[in-house]
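Enquirer: return atomic coordinates for the entry below.
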Amino acid sequence: MNNRAGEMEVFVEAVDRGSFAGASRALGLSPSAVSKVVGRIEARLGTNLLIRSTRSLSLTQEGEIYLRRARNVLAEIEDTERAIASGACSTPRGLLRVNASVPIAHCAVTPLLPAFLARFPEIEVDLSLDDGMVDLIENRTDVAIRVGPLQDSGLKARKLLESRMAVVAAPDYLARNLPLVTPSDIKRHQCIGYNFRRSMHEWPFRQPQDGTMTYVPLNGRVQVNNGETVRRLAIAGLGLARLARFHVQPDIDAGLLVPVLEGFNPGDVETFSAVYVGHEHLAARIRAFIDFLADHLSGDRIKLARCGASTRCSRSDRVG
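Expert: Below you'll find the model as predicted:
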């Protein structure tokens, strides 16, 4: 009987390590054994998955497809064995890999970690911060805390909170520049933007007279990859920023930032969700973390370290 899952593990390890030698050291096999396993897969499929050179390995188009599917299969096997070994209702334990956007990590996740770890002493947390999109399976992530609508129907999401958006600036920036009376005035100002693909290159506003929407293109010399840096640059007086109110409310209360053009605010909100791969038997550590966040971020019991804006929480929603 062929051990195809084992072959997949060898193939994935070879790609991740960049060589047969690296994979052999990680798996306790000889380089020739690793090479034979990969060759056996290629012979069975009738196509090359890797392009070999003396220094490195590179994937063919078919190899990229096989790698992605192999990661999915291995993740399913790992989760299934964890569910059977520990049970979905048993004591949560093991390594929990979390990826969060920078603002929500600073405002909600990291302040809650001490209480979470105290409540679940057998869980270890590996936390990465990134405002970009993350492939949960490829990055071996258990839970990602993300902003906005979700497209992948293979994932589930639980809404944690939502917050109204606001355009803000530092008082000294506003004092040094032309007044902001209408949204069109933004064209004469510096706007701090984002450099990732899903970012908006224009800001929405609603006309108070008739409710029509207008979209103003951004003009600015600086783009960054996370909301926390945008916030800090705005406080430093670099320009206008459009951020979730929960993220900047303490700065507004302290006089470090001032909301502008509030009469034209369209009232849109950013939604923050816990995103995870939808398995029938969700690992106890993942369920415990998501439930803990949802409980502590629910509207009237919010316990954020530096974020005081109103939030709302909902039950689990199926994505797709």
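Enquirer: for residue 201, phi and psi?
Expert: Phi and psi for residue 201, reported as degrees, to the nearest 10, are phi -110, psi 10.
Enquirer: ok, now which ones touch it?
Expert: With contact set as Cβ atoms under 8 Å, 6 or more residues apart in numbering, residue 201 has these partners: 193, 217, 218. Using the backbone N, CA and C atoms, a C-beta is placed for each residue, glycine as well.
Enquirer: apply 10 Å and report the result again.
Expert: Counting by Cβ atoms under 10 Å, 6 or more residues apart in numbering, residue 201 makes contact with 191, 193, 194, 215, 217, 218, 223.
Enquirer: how about residue 202?
Expert: Contact partners of residue 202, counting by Cβ under 10 Å, 6+ apart, are 186, 191, 193, 214, 215, 216, 217, 218.
Enquirer: what mean pLDDT does stretch 45-64 have?
Expert: Averaging the model's pLDDT scores along stretch 45-64 yields 88.
Enquirer: scratch that, stretch 5-13
Expert: The average pLDDT for stretch 5-13 rounds to 92.
Enquirer: against which helices or strands is the longest helix along the chain packed?
Expert: Once the chain is assigned using DSSP state H, the helix that runs over the most residues is helix 61-86. The contact analysis (3 or more Cβ pairs under 10 Å, 6 or more residues apart in numbering; DSSP states H and E) places helix 61-86 against helix 4-17, helix 31-45, strand 50-52, strand 57-59, strand 94-100, strand 269-277, helix 284-296.
Enquirer: dump these to CSV, plus mean neighbour count.
Expert: Below are the helices and strands packed on helix 61-86 laid out as CSV (neighbours: other Cβ atoms under 10 Å):
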stretch, mean neighbour count
helix 4-17, 18
helix 31-45, 16
strand 50-52, 16
strand 57-59, 15
strand 94-100, 19
strand 269-277, 22
helix 284-296, 20
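Enquirer: tabulate these (a markdown table), appending distance to residue 210.
Expert: Formatted as a markdown table, these follow (distance: least, Cβ to Cβ, whole Å):
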| stretch | distance to residue 210 |
| --- | --- |
| helix 4-17 | 57 |
| helix 31-45 | 61 |
| strand 50-52 | 60 |
| strand 57-59 | 55 |
| strand 94-100 | 40 |
| strand 269-277 | 22 |
| helix 284-296 | 39 |
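Enquirer: residue ranges with poor pLDDT in the chain?
Expert: Applying pLDDT under 70 to the chain picks out residues 1, 54, 82-90, 131-139, 149-154, 197-199, 278-281, 298-320.
Enquirer: so is residue 234 in a helix, a strand, or just coil?
Expert: With DSSP: H, G, I helix; E, B strand; the rest coil as the basis, residue 234 sits in helix.
Enquirer: ok so, going back, return the member of the contacts of residue 202 nearest to residue 238.
Expert: Set against residue 238, the nearest of the contacts of residue 202 by Cβ to Cβ is residue 191 (9.7 Å).
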